[in-house]
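1. have a look at this prediction, sequence included:
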2 protein chains.
Amino acid sequence: MTGKSQTLTFGNMPRLIAGMSVVGKRESEGPLGKYFDRVEPDPKMGRNTFEQGESAMLKTAIEGAANKAGMTVYDFDALFAGDLLNQLVSSSYAAREMPVSYFGLYSACSTMTEALALAAATVNAGYYETAACATASHFATAERQYRFPLEYGCQRPPYAQWTVTAAGCSVVVADGDGPAITHATIGRVVDLGITDANNMGAAMAPAAMDTFFAVLDDTGMDVSDLDGIFSGDLGRLGSEILRDLCREKGVELGQRYADCGDMMFSRGQNCYSGGSGAGCSASVLNSFILKKMKEGCYRRVLLMATGALMSPTTSFQGESIPAVCHGVILENV
Amino acid sequence: MTGKSQTLTFGNMPRLIAGMSVVGKRESEGPLGKYFDRVEPDPKMGRNTFEQGESAMLKTAIEGAANKAGMTVYDFDALFAGDLLNQLVSSSYAAREMPVSYFGLYSACSTMTEALALAAATVNAGYYETAACATASHFATAERQYRFPLEYGCQRPPYAQWTVTAAGCSVVVADGDGPAITHATIGRVVDLGITDANNMGAAMAPAAMDTFFAVLDDTGMDVSDLDGIFSGDLGRLGSEILRDLCREKGVELGQRYADCGDMMFSRGQNCYSGGSGAGCSASVLNSFILKKMKEGCYRRVLLMATGALMSPTTSFQGESIPAVCHGVILENV
C-alpha cells in the first residue's frame, strides 16, 4: 500500500470530559445494563414514529452529555454527528434544535470514532474549545430501512447481528478532567468480496485488522502497550475472525480485546452474533469504557469502531460490502 | 443565538491547487459547458447501473484532480467525500479503490464545502500535506431514490430543481500554486417550516442567509470585500429569496452574487428552477470559479453550498425540511 501514516497525533491532549449513553430496554437487560446512564423503555420515546424516537434519543444523549460536562448545548462550538438513517435524519433533526456548527458524518457503525477523530483534531489544533460527538442507532428504524418490515418476521441466519437501540455522546475539550485522546487512525476502505449483507462481521473484520496494524505501525506501539482494545461491532463471529487474522500476522489479542457488539447482549437474549449499529460502540464507550478508565482498570484504550458501507441498493445490485474502521486511542495521562 | 464564532481561520494558507469537474450531457449543454473538464455522455459510464455510473464519475474526478495536481491518488493523505446516495455508496465504492484515509461526510448538497472546510482545517493544522475533497450527484440515481421512478414521468412544479449529473474534486495542499482557503464558516441547522420537498430553494435560503451573516460577523468583512459570492444550489427561486432576505437585513448582494444551480442550465433547457445536487457546486467550483480566479476575475470568493437535510421517510412523516449551509472563502493571495 502507500506506506503513508494514517494516524493523527494530538500533542495538546484534548480531553474527553463527559460521555452520556441512552439505551433501549433490551440493551439495558444485557451484561452492560448497569453501566448505561439512561434506559428508554419506549422505543418511540413518546413520539409518533420510531425515527422521531431515535432522533429524540440522540438529542437526550447530547443534552445529557452537556449536562454531565457542566454545560448546555449552547456551550458547544461544534457538533460532529451521524447515524444509520438515510440522509442522517436522526442527527440533522436533533441538530436543528441546537444553535451550533454542525458537521454531518457517515461512516456506518464507525461514525463515533470518525467523530471523535475530527473533534480531537479540531480541538487539538485550537479551532474549537468544546466539541460534541454523537451518534445513534435503533433496531426498529434500521430493520425497516436496511432489511424487512418488522411485521414480516423474517428469519435470520445465526451469524446475523442485532441493531442496538442506543445513542451516545462524548464531549471533547481543550483542557479538563478525563482521558486524553492521544491518537486517531483513519481507516482505508477495505473490501474482500463478502456479499452477504447479514454477515457484516466477516465484511468488517479485515478493515479492523487493516486499521489495527496501521495503529501499531504508525505509533510504534506493541499490542502490550494497549491494556484495552475494543472493536466497534464485529459481533461474536467477526471478532473471532479478527483474532484469527491478527494471529496469522503473529499478534495475539488475548484477554485485552473485546468487541462492543459481543459485549452488548448475553447469549440468552437471542441476538444471534451480537449487537451492531452506530449506537453500539457509542454507548459502550460512553458508559462501560469511560467508567472503567475512570476506575483505573484501563490506562490506555484503543477503540476501533467498524462500519459496513453498503446500501440496500448496492446489495440488490450484487455488489460486495466495503468496510472501514477508524481507531482512537484514549489515555489516562 | 449563541454569539459563538462559526468561522475557522486558516493562517497557514492551505491552497486549492487543482480541481476537476466531470459532467453529463445536459450539463455540458448549459451556459457553463465550456468550462467543464470532461463530459460523460453515457449516464452509466459503461457500467451496469446508474449508481455504478455515478461512482465511476466520482472516481474519474478524483483521479483527474490528482493528475492535474501532478500526483496520483496514492499521494493523497486523506479523502473527504460524500454524495446524495443512501449510505454514500458513490463515495465509498470509489474510495475502496484508493488506499487512503477516508472520511465519509453527509451534508446533502453542501457536502463539497464541508469537505473543503475539513481538508483546509487538517492541512492548515499540519495533520496532512495533501487532502482531496470530492462529491457527486446524478439525476437518474437521485430521482429514483428521492422522488419517483424515471419511467413514471412525474409532473413537477415550476419551482422544482433538476439534480445535476456531475462530480467534482479539489486537491488541497499545505503549499502550492492556487487560491488559498482562508476561512470556513460551518453552518447551523436551520428549519423555518417548509414541508414541500420540491421547494428546496425556499427551505435552504434561510440557512444560506444564516451562514452568510455569520461570515460577515465572524470575519469583520463587508459584502464589498467579497468580489464573488456563490451559493450552492438554491436555484432561481431560492436565490431570489436569499437576495430578498439579505435586502431585508440591509445588505444588497448585487452583481457579485450568483447561484451555482441557477448558472448550470439555461431557461430553454426545461430544468425548472435550475440545478441542484451535491455535484452542482462541486463542478462549478472546480471549473468556472477556479478558472475565473486564475484569470484574475475574482480576488476573493465566498462559496456557500447549501444542503436540505430531509429524507423521503421524514417527508412522508410530515416533517419540515432542515437545511444547512457551509461557506468557504477562497482568495488569490
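-> Received the coordinates, thanks.
2. can you pull out the helices in chain A?
-> A:25-28, A:50-68, A:89-95, A:111-124, A:139-146, A:200-219, A:235-248, A:260-264, A:278-284, A:290-294, A:312-316 (DSSP state H).
3. I'd like the ones you listed as a markdown table, with mean pLDDT appended.
-> Output for those, formatted as a markdown table (pLDDT from 0 to 100):
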| stretch | mean pLDDT |
| --- | --- |
| helix A:25-28 | 98 |
| helix A:50-68 | 98 |
| helix A:89-95 | 97 |
| helix A:111-124 | 98 |
| helix A:139-146 | 93 |
| helix A:200-219 | 96 |
| helix A:235-248 | 97 |
| helix A:260-264 | 97 |
| helix A:278-284 | 98 |
| helix A:290-294 | 98 |
| helix A:312-316 | 94 |
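4. any idea which of those helices gets closest to chain B?
-> Chain B lies closest to helix A:89-95 among the helices of chain A, at 3.8 Å (CB to the nearest CB). Every C-beta, even on glycine, is put in place using the N, C-alpha and C of the backbone.
5. okay, now the residue nearest to A:Phe50 when sequence neighbours are not counted: neighbour count?
-> Leaving aside its sequence neighbours, A:Phe50 sits nearest to A:Ala140 (CB to CB, 6 or more residues apart in numbering or on different chains; 4.1 Å). When neighbours are counted by other CB atoms under 10 Å in any protein chain shown, A:Ala140 registers 18.
6. wait, what's in contact with A:Ala140?
-> Going by CB atoms under 8 Å, 6 or more residues apart in numbering or on different chains, A:Ala140 touches A:Pro43, A:Phe50, A:Gly53, A:Leu150, A:Thr165.
7. who wins on neighbours among those?
-> Within those, most neighbours by other CB under 10 Å means A:Thr165, with 30 neighbours.
8. shouldn't it be in contact with A:Ser28?
-> No. Counting by CB atoms under 8 Å, A:Thr165 stays clear of A:Ser28, with 9.8 Å between them.
9. what residue is smack in the middle of chain A?
-> A:Ser281 (3.4 Å; CA atoms, centre = their mean).
10. who's in contact with that one?
-> Here A:Ser281 is in contact with A:Cys109, A:Ser110, A:Met112, A:Thr113, A:Gly168, A:Phe230, A:Gly232, A:Asp233, A:Cys260, A:Leu303, A:Ala305 (CB under 8 Å, 6+ apart).
11. before we move on, the earlier item: check the contacts of A:Ala140 and tell me the two furthest apart.
-> The two members of those with the most space between them (CB to CB) are A:Gly53 and A:Leu150, at 13.6 Å.
12. list, one by one, the residues from the stretch 201-333 of chain A near chain B.
-> Within the stretch 201-333 of chain A, the positions near chain B by CB under 8 Å from any CB of the partner chain are A:Leu309, A:Met310, A:Ser311, A:Pro312, A:Thr313, A:Thr314, A:Gln317, A:Glu319, A:Pro322, A:Val324.
13. determine the number of other residues adjacent to A:Asp177.
-> Residues lying near A:Asp177 (other CB under 10 Å) number 10.
14. can you check the pLDDT for it?
-> A:Asp177 is assigned 96 on the pLDDT scale.
15. quick one: it and A:Arg15 touch, right?
-> Yes. If you go by CB under 8 Å, A:Asp177 and A:Arg15 touch, sitting 7.0 Å apart.
16. on that earlier part again, which of the residues of the stretch 201-333 of chain A next to chain B lies closest to A:Gly24?
-> Closest approach to A:Gly24 among these (CB to CB): A:Pro312, at 23.1 Å.
17. tell me how many other residues crowd the closest one.
-> Counted with other CB under 10 Å, residues neighbouring A:Pro312 total 15.
18. what's the answer for the one 10 residues further on, then?
-> Residues within reach of A:Pro322, counting by other CB under 10 Å, total 28.
19. interface residues of the stretch 51-200 of chain A facing chain B?
-> A:51-52, A:74, A:77-78, A:82, A:85-89, A:92-93, A:95-96, A:98-108, A:114, A:118, A:121-122, A:124-125, A:127, A:145, A:186-191.
20. mind doing that once more with 6 Å?
-> Residues of the stretch 51-200 of chain A lying near chain B by CB under 6 Å from any CB of the partner chain: A:74, A:77, A:86-89, A:92, A:95-96, A:99, A:101-102, A:104, A:106-107, A:125, A:127, A:186, A:188-189, A:191.
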